[in-house]
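# Predicted structure and sequence below. I'll ask about it afterward.
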2 protein chains.
Amino acid sequence: MAILCSEATCKAAGTFTTNQIKSAPVILSQRHMSKGRAQAIVVNAGCANACVGEQGLADAVEMAKLTAEKLDISLDKVLAASTGVIGVPLPMDKIRAGIPKIKPTNEGGHDFCRAIMTTDTRPKEIAVQVDSKEGKFTVGGVAKGAGMIHPNMATILCFIATDALVSADLLPAALHTAVDGSFNMISIDGDTSPSDCTFLLANGLAANEPIDFDNGEAFQEALNAVCTHLAKSIARDGEGATKLIEVTVEGAEDEVWARQAARAVASSPLVKAAIHGNDPNWGRIVAALGRSGARVREERLDVYLNEVCVMKQGSPSLFNKADMISALGNTDNVFIKLCLNLGDGRATGWGCDLSEGYVRINSAYTT
Amino acid sequence: MAILCSEATCKAAGTFTTNQIKSAPVILSQRHMSKGRAQAIVVNAGCANACVGEQGLADAVEMAKLTAEKLDISLDKVLAASTGVIGVPLPMDKIRAGIPKIKPTNEGGHDFCRAIMTTDTRPKEIAVQVDSKEGKFTVGGVAKGAGMIHPNMATILCFIATDALVSADLLPAALHTAVDGSFNMISIDGDTSPSDCTFLLANGLAANEPIDFDNGEAFQEALNAVCTHLAKSIARDGEGATKLIEVTVEGAEDEVWARQAARAVASSPLVKAAIHGNDPNWGRIVAALGRSGARVREERLDVYLNEVCVMKQGSPSLFNKADMISALGNTDNVFIKLCLNLGDGRATGWGCDLSEGYVRINSAYTT
């Protein structure tokens, strides 16, 4: 368990799972965030508090209430998140005993990050300091997630905090932009969790020149950098993963189709398994593109694997297969580029390889 | 390699992959089938003849032409299909040497079925004899497929032949109905192959009372039985699979959403991995349903695993977990039922468990 809290009330924005089955803390956080402000977030790992009937919301409310009492703030300024097994009630005895023991400190970011891990093997954290013409401010974030990852307008658990002074209108818009280009472009297994959420709290204590739509560029850039770093960290640490796969699509009819195509390739089990085996079986990349929905004209299509052209204008390109196998074996970053040569649409997505380890982790998760 | 041929010209219908990248034999077969008739199909396994540029169609035409010459029929009555690695040209030397050696016999169905296998571990074949008020006839079929299976309006390679006398209008309609309820409801890995196709040839030699829309019930039933048997055989023989998973959705808003929901659950990697580990982690079933797009009201949802209720009206049901784990371990047929209690939509889909074997088979397919 962990609590993230701010010295002052924050402007708050969030993105939440699009799964119709929502965990109780997601429902609670959406309600409490409706006023666009918050001061603390309480999180537990190990139990998702989802699919447990009415008990779920009662437990989420109690968890938030205990946090509000501890911090001496009002209940509706507390957000909540839970991650873990679905269909099991929160162990409220542990929650009641645990919350009073938590001691918030200014140096607790790393501990917070570790507290929310489940099947993650590495913590995911980053902070960037910005010195812009609007003044100095910091944007920091932590995230967790290694399975049930295929976000759609939301993601995993991600907590971002900033001391920047940002307008209440810009905050959610900036978060959506950043999440769309980062968390919404990763996939580990095609499953979208009922617990997915991203929180952004901004307390304004940097006292910079107020940031709004007309001067939000540096803030957006910092937020994008934080979200992209965390999203890539999650993809790289996918359950059982040994490699990060980056898929760039260029020349699609438009950006929407470019995104769709990049995600289809990055999440194809056959592409992921081939990459795991250092197998340059690029036909699977093309097959995944072909079913993505994006318009493709085979005779215009160029495909690159780790910067080596494997298909040119729809025909196989000659490449040294032995060299490619050895190059794939010597890197944990695999780059796939698809040039559709149809328009200006461009997008990048991230995934990971599919290993026996993924199956092992997930075939006995609750037993 | 194998050739399927009929003594007489057949009425012919087919369904083909919706992948925008189509193999050359798919393009050839679609052209030759445009007149609704055919007499032979030539098939090879090991090379898909896809993504090889203009050479692909030239090779497919030559393969069909050699078959037409051998059988002394016109080229446009020959259909073709290929399955195997994408991006590698057909080994035409072997094809040219092989076709003359093939000797069609009336008893060759099983050999045909074995000839088209790739990573399949078991042949998939069935024939049903029908004694209806329209007379006696037979419907037989064979299929192959164990990976890159997520058909959409088409499937894997499937060849169905019948001696029934059926109208040219009913034939494609009956095939679409049968394929929609069978092959289009299975998924092994979410990847749709550029080579998918289903062929139905009807030569009319049973000399039954002509079958059309008004008296097509017995024929449709036989065709459904053949397709459902073959589709379930494919799902059960999925790469690395040890169990068949059958997902039935009831009470959805309509049939379209019921189908979507059944397929989402049957193809969820997390559900598949849990089943592999005999882990009754039903929360993953509910999570997959929730992201399927079908409308769900959590408080109305009932979920059954192997006929044991695990969730009732949105809350966990008490069940004996040890008994369930042992029951899952003792069967290779797992039944999942989801009652949405919203309407009359109903559908059944099939998949298989996700094992380390799937990853092993697919991580070194070409290396």
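Good, I have the coordinates.
# for the stretch 101-250 of chain A, which spans come out with low pLDDT?
For the stretch 101-250 of chain A, residues meeting the criterion pLDDT under 70 lie at A:147-155, A:189-192.
# Quick one: the strands in it, in order.
Counting by DSSP state E, counting those that start in this stretch, the stretch 101-250 of chain A has strands at residues A:124-132, A:135-144, A:157-162, A:197-202, A:244-252.
# Same list (these) but as TSV, adding mean neighbour count and distance to chain B.
From N, CA and C alone the C-beta is placed, and that goes for glycine too. Shown next, in TSV, are those (neighbours: other C-beta atoms under 10 Å in any protein chain shown; distance: least, C-beta to the nearest C-beta, whole Å):
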stretch	mean neighbour count	distance to chain B
strand A:124-132	17	21
strand A:135-144	22	17
strand A:157-162	27	15
strand A:197-202	28	15
strand A:244-252	23	12
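# Relative to residue A:9, which of these is closest?
Among these, strand A:197-202 comes nearest to residue A:9, with 9.4 Å by C-beta to C-beta.
# possible to save the strands of the stretch 101-250 of chain A as CSV with distance to residue A:265?
Shown next, in CSV, are these (distance: least, C-beta to C-beta, whole Å):
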stretch, distance to residue A:265
strand A:124-132, 23
strand A:135-144, 23
strand A:157-162, 24
strand A:197-202, 24
strand A:244-252, 5
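# Of all the ones you listed, which one comes closest to residue B:298?
Smallest distance to residue B:298 across the strands of the stretch 101-250 of chain A (C-beta to C-beta): 17.5 Å, for strand A:197-202.
# Could you list every helix and strand in contact with the closest one?
Under the contact definition 3 or more C-beta pairs under 8 Å, 6 or more residues apart in numbering or on different chains; DSSP states H and E, strand A:197-202 sits against strand A:2-16, helix A:24-32, strand A:37-47, strand A:78-85, strand A:157-162, helix A:170-180.
# And for the residue of the stretch 251-367 of chain A found nearest chain B, nearest residue in space, chain neighbours not counted?
Relative to chain B, the nearest point of the stretch 251-367 of chain A is residue A:283 (2.4 Å; C-beta to the nearest C-beta). Excluding its sequence neighbours, the residue lying closest to residue A:283 (C-beta to C-beta, 6 or more residues apart in numbering or on different chains) is residue B:86, at 2.4 Å.
# give the contact list for that neighbour.
Listed by C-beta atoms under 8 Å, 6 or more residues apart in numbering or on different chains, the contact partners of residue B:86 are A:281, A:283-284, A:286-287, B:23, B:48, B:50-51, B:194.
# which ones are touching residue A:313?
So residue A:313 contacts A:299-302, B:53 (C-beta under 8 Å, 6+ apart).
# Take the contacts of residue B:86 and keep only those in strands.
With strands taken from DSSP state E, there is no overlap with these.
# Point out the least confident member of those residues, please.
For the contacts of residue B:86, the model is least confident at residue B:194; its pLDDT is 77.
# just curious, which of the contacts of residue B:86 is nearest to residue A:200?
For the contacts of residue B:86, the nearest to residue A:200 is residue A:284 (37.1 Å; C-beta to C-beta).
# Burial check on the closest one, number of neighbours?
Residue A:284 has 28 neighbouring residues, counting by other C-beta atoms under 10 Å in any protein chain shown.
# And for it, nearest residue in space, chain neighbours not counted?
Per C-beta to C-beta, 6+ apart, closest to residue A:284 is residue A:270, 4.4 Å.
# Repeat that for residue A:91.
Nearest to residue A:91 is residue A:47, by C-beta to C-beta, 6+ apart, at 6.7 Å.
# beta partners for that neighbour?
residue A:85 (DSSP bridges).
# near chain B, which residues of the stretch 201-350 of chain A?
A:268-270, A:273-274, A:276-284, A:286-291, A:295-296, A:298-299, A:310-311, A:313-316, A:325 (C-beta under 8 Å from any C-beta of the partner chain).
# from the residues you listed, which would you call buried?
The neighbour count (16 or more other C-beta atoms under 10 Å in any protein chain shown) marks A:268-270, A:273-274, A:276-284, A:286-291, A:296, A:298, A:310-311, A:314-316, A:325 as buried among those.
# in which helix or strand would I find the residue nearest to residue A:284?
helix A:269-276 (DSSP states H and E).
# so that helix versus helix B:269-276, what angle?
80 degrees (axes from the mean of the first three to the mean of the last three C-alpha atoms, to 10 degrees).
# mind exporting helix A:269-276 as PDB, just the C-alpha atoms?
Only the C-alpha atoms of helix A:269-276 are listed here, as PDB (Å, rounded to 0.1, in the frame of the first residue of the first chain):
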ATOM      1  CA  PRO A 269       1.200 -13.000 -30.800                       C
ATOM      2  CA  LEU A 270       3.000 -14.400 -33.900                       C
ATOM      3  CA  VAL A 271       5.200 -11.300 -34.400                       C
ATOM      4  CA  LYS A 272       5.900 -11.300 -30.700                       C
ATOM      5  CA  ALA A 273       6.800 -15.000 -30.600                       C
ATOM      6  CA  ALA A 274       9.100 -14.600 -33.700                       C
ATOM      7  CA  ILE A 275      11.000 -11.700 -32.100                       C
ATOM      8  CA  HIS A 276      11.400 -13.800 -29.000                       C
END
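# was I right about residue A:264 contacting residue A:288?
Yes - here residue A:264 reaches residue A:288: they are 5.1 Å apart, a contact under C-beta atoms under 8 Å.
# What is the neighbour count of residue A:358?
For residue A:358, the neighbour count with other C-beta under 10 Å is 30.
# pretty sure it is in a helix, no?
Yes - under DSSP: H, G, I helix; E, B strand; the rest coil, residue A:358 sits within a helix.
# Can you name the residues that contact the residue nearest to it when sequence neighbours are not counted?
Using C-beta to C-beta, 6+ apart and skipping the chain neighbours, the partner closest in space to residue A:358 is residue A:240 (3.4 Å). By C-beta under 8 Å, 6+ apart, the contact set of residue A:240 is A:354-361.
# Equivalent analysis for residue A:331, please.
A:243, A:306.
# Please identify the buried residues of stretch A:216-223?
For stretch A:216-223, the buried set under the neighbour-count rule, 16+ other C-beta under 10 Å, comprises A:216, A:218-220, A:222-223.
# Name the nearest of the residues you listed relative to chain B.
Using C-beta to the nearest C-beta, the buried residues of stretch A:216-223 come closest to chain B at residue A:223, 26.2 Å.
# what's the distance between that closest one and residue A:6?
Separation of residue A:223 from residue A:6 (C-beta to C-beta, to the nearest Å): 17 Å.
# which ones are touching the residue nearest to residue A:91?
Residue A:47 touches A:82, A:84-85, A:88-91, counting by C-beta under 8 Å, 6+ apart.
# if you set the cut-off to 6 Å instead, what comes out?
By C-beta atoms under 6 Å, 6 or more residues apart in numbering or on different chains, residue A:47 lies in contact with A:84-85, A:88, A:90.
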